[in-house]
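>>> how would this look folded up:
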Amino acid sequence: MPRRNVLMLALAGIALAARQQPAESPRAVQEKPIARGEVGSPLPEFSLTDLRGHPVRSADLRGKVVLIDFWATWCGPCKKEMPGYQQLLDRYGPKGFAVIGLKFDTMKDTEDPAQFAKRLGIRYPLVVASDTVKETFGGIDGLPTTLLYDRQGVLRTNVIGFEYTSTFEEDLKKLL
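Below is the predicted model of the structure:
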């Protein structure tokens, strides 16, 4: 190839390289915010009232491992999971574990939520999750949805659909 053509190709390559955007540094990638509801995102701030009229606030959960369960009375898998969460709370509550149930209100309840909880033996706080609350947690794609936060309020597990209590217990033990 004549020397002039080689020189032109080299200059064209340099010009092309100069026009390309520089690759993001690893530090820049790490600084991007994590979307709400994604593993690594923080526990949202909230102040709600449970079905018994008691306040439920994220500020009261600081320093605890927290399981947030999105459920509904018409959700069969929710009925299977909820008693297991109560058992985990009974076992690990004294070690700094808390459970909050956020009830979906998008469809009519199949029974009174308070009676539903009593029948299942659920004693942890149950709150009606408005659309605003659902969005605060990043939106909910299906029921049940279970979120497990560490003591620093960072989401460590996000499960959409039924999961065995033993699986959550393994994750929970690591966080306690």
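>>> quick one, strands of this structure?
Using DSSP state E, the strands of the chain run over 47-49, 55-57, 65-71, 97-104, 126-129, 145-149, 155-160.
>>> Any idea how many residues pack against the residue nearest to Val127 when sequence neighbours are not counted?
Using Cβ to Cβ, 6 or more residues apart in numbering and skipping residues adjacent in sequence, the residue nearest Val127 is Leu48, 4.6 Å away. Backbone N, C-alpha and C define where each C-beta goes, glycine included. When neighbours are counted by other Cβ atoms under 10 Å, Leu48 registers 17.
>>> What is the neighbour count of Ala114?
13.
>>> Check what pLDDT it gets.
The model reports Ala114 with a pLDDT of 95.
>>> With adjacent residues omitted, what lies nearest to it?
Spatial nearest neighbour of Ala114, excluding adjacent residues (Cβ to Cβ, 6+ apart): Leu51 at 5.2 Å.
>>> Let's have the strands of the chain in a markdown table, adding mean pLDDT and distance to Pro77.
Converted to a markdown table, those look like this (pLDDT from 0 to 100; distance: least, Cβ to Cβ, whole Å):
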| stretch | mean pLDDT | distance to Pro77 |
| --- | --- | --- |
| strand 47-49 | 96 | 23 |
| strand 55-57 | 97 | 23 |
| strand 65-71 | 98 | 9 |
| strand 97-104 | 97 | 13 |
| strand 126-129 | 95 | 17 |
| strand 145-149 | 97 | 10 |
| strand 155-160 | 96 | 11 |
